[in-house]
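J.: give me a model of this one.
(one chain, ligands or ions: 1)
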Amino acid sequence: MRLEGRAGIVTGSGRGIGRAVAELLAKEGASVVVNDPGVGRNGETTEERPADEVVDAIRSAGGKAIANYSSVAEYDSAGRMVRECTDAFGKIDFVVNVAGMLRERMIWNMTEEDFDQVINVHLKGHWNMCHHAIKVMRGQRYGRIVNFSSDAFKGSVGQCNYAAAKAGIIGLTRTIARECGRYGITANAMCPMAATRMTVNDAVIAGWKRRLERGLLTQAQYEARMAMPGPEFVAPMVGYLCTEESGDINGQIFHAERSLIHTYYYGEEARSIYKYDDGGMFTVDELVETVPGSLMAGIPNIAPKETEE
Ligand SMILES: NC(=O)c1ccc[n+]([C@@H]2O[C@H](COP(=O)([O-])OP(=O)(O)OC[C@H]3O[C@@H](n4cnc5c(N)ncnc54)[C@H](O)[C@@H]3O)[C@@H](O)[C@H]2O)c1
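T.: So this is what the prediction gives:
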């Protein structure tokens, strides 16, 4: 067991990827705060208490866990969650921020509330948990933060709130990594792919069927989506990032799914043009002339204008 004697929090671990992570960490010997308010896919309140079920499953398998039902979006509740961990287990070695929900609409239809809710749960929720936990971790001179971004950070139609939050989580993670590395705290981000209620549900499947019928998806692409692997394939990389052995991995981004883990070459300078005369000032005319053949050479428009019939 790689995490014997360790303790920490997994947010949003009543279901999906969070649950798979909490169960794996507990199996590796860690004591886990299983956080989940049991909200619906769009963040709506429900009577469900999935955290209890996960705690029962962990305890039945011989592990140690306690439940917490707070929202990560609330600053004070996040602080109390960290205290619950230190009160129950004497320390906080890791925080895995998995909690999430969706409010999907095109930007012109999205309400201000849709935007704020998603930013609050994902970006602010990550900050809340990291902020409170790192105050304790700094004193311990040890900590592991694993944040959940998404491949959506690259841009994702119908999800501008979510994509913005997930890109923000990468900036947050890389900054925490730089600020806290010297205290023995690492922060890394995951971009998972797994079948959960977030990614595979009746509405999503109906959408794939429509796209298949319209020829926007091939049969092979449709079948691959329908056979999307489960969240258990994401958990081992998160487990590794919570071990002492991963101490030199800091500020990195990993995509994980069944059979595949890859890094992202993120934020590196790709192509450049230089100007040293005229005080280093490019003119618009020069850019019109040079950019297509230099910075943008061979790079197509990601969403070209449709021609009207
Ligand atoms: N499943 C994927 O393929 C995929 C892809 C990219 C990113 N992600 C990210 O991975 C994470 C987990 O997603 P999932 O697919 O397991 O979704 P899921 O819906 O199965 O689980 C998310 C859990 O988070 C909880 N939650 C929601 N709001 C919360 C809040 N305010 N405080 C605490 N908990 C809250 C929900 O109750 C739910 O149990 C999310 O951050 C998601 O954005 C998932």
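J.: tell me if the host helix or strand of Cys180 is near the ligand.
T.: Per DSSP states H and E, Cys180 falls inside helix 160-180. No - using C-beta under 6 Å from any ligand atom, helix 160-180 stays clear of the ligand, coming no nearer than 6.9 Å. All C-beta spots, glycine's among them, are computed from the backbone N, C-alpha and C.
J.: tell me which residues in that helix are buried?
T.: Using 16 or more other C-beta atoms under 10 Å as the test for burial, helix 160-180 gives 160-170, 172-174, 176-177, 180.
J.: contacts for stretch 189-202, please.
T.: 15-17, 20, 41, 100-102, 146-151, 153, 169-170, 173-174, 225-226, 228-231, 233-234, 237-238, 252-257, 264 (C-beta atoms under 8 Å, 6 or more residues apart in numbering).
J.: so how far is stretch 107-115 from its chain's centroid?
T.: When distances are taken as C-alpha atoms, centre = their mean, to the nearest Å, stretch 107-115 is centred 21 Å away from the chain's centroid.
J.: same question for stretch 250-268.
T.: Worked out by C-alpha atoms, centre = their mean, stretch 250-268 lies 12 Å from the chain centre.
J.: also stretch 232-243?
T.: Counting by C-alpha atoms, centre = their mean, stretch 232-243 comes out at 13 Å from the chain centroid.
J.: please enumerate the helices of the stretch 101-250 of the chain.
T.: Using DSSP state H, counting those that start in this stretch, the helices of the stretch 101-250 of the chain run over 112-118, 125-140, 160-180, 202-213, 219-226, 235-241.
J.: make CSV out of those and add mean pLDDT.
T.: Output for those, formatted as CSV (pLDDT from 0 to 100):
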stretch, mean pLDDT
helix 112-118, 98
helix 125-140, 98
helix 160-180, 98
helix 202-213, 92
helix 219-226, 93
helix 235-241, 98
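J.: leaving out chain neighbours, which residue sits closest to Gln219?
T.: Nearest in space to Gln219, with sequence neighbours left out and distances taken as C-beta to C-beta, 6 or more residues apart in numbering, is Leu212 at 7.0 Å.
J.: quick one: contacts for that neighbour?
T.: Thr218, Gln219, Tyr222.
J.: show the buried residues in these.
T.: Buried among these (16+ other C-beta under 10 Å): Tyr222.
J.: one step back: gap between the residue nearest to Gln219 and Tyr222?
T.: 5 Å (C-beta to C-beta, to the nearest Å).
J.: ok, Ile273 next?
T.: 42 Å.
J.: circling back to that earlier point, can you redo the helices of the stretch 101-250 of the chain as TSV with distance to Ala73?
T.: Below are the helices of the stretch 101-250 of the chain laid out as TSV (distance: least, C-beta to C-beta, whole Å):
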stretch	distance to Ala73
helix 112-118	8
helix 125-140	5
helix 160-180	11
helix 202-213	24
helix 219-226	30
helix 235-241	22
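J.: for this protein, what lies in contact range of the ligand?
T.: Checking the chain against the ligand by C-beta under 6 Å from any ligand atom, the hits are 11-12, 14-18, 35-39, 41, 43, 50, 71-73, 98-101, 121, 125, 148, 150, 192-194, 196-199, 231.
J.: alright, that wraps it up for me.
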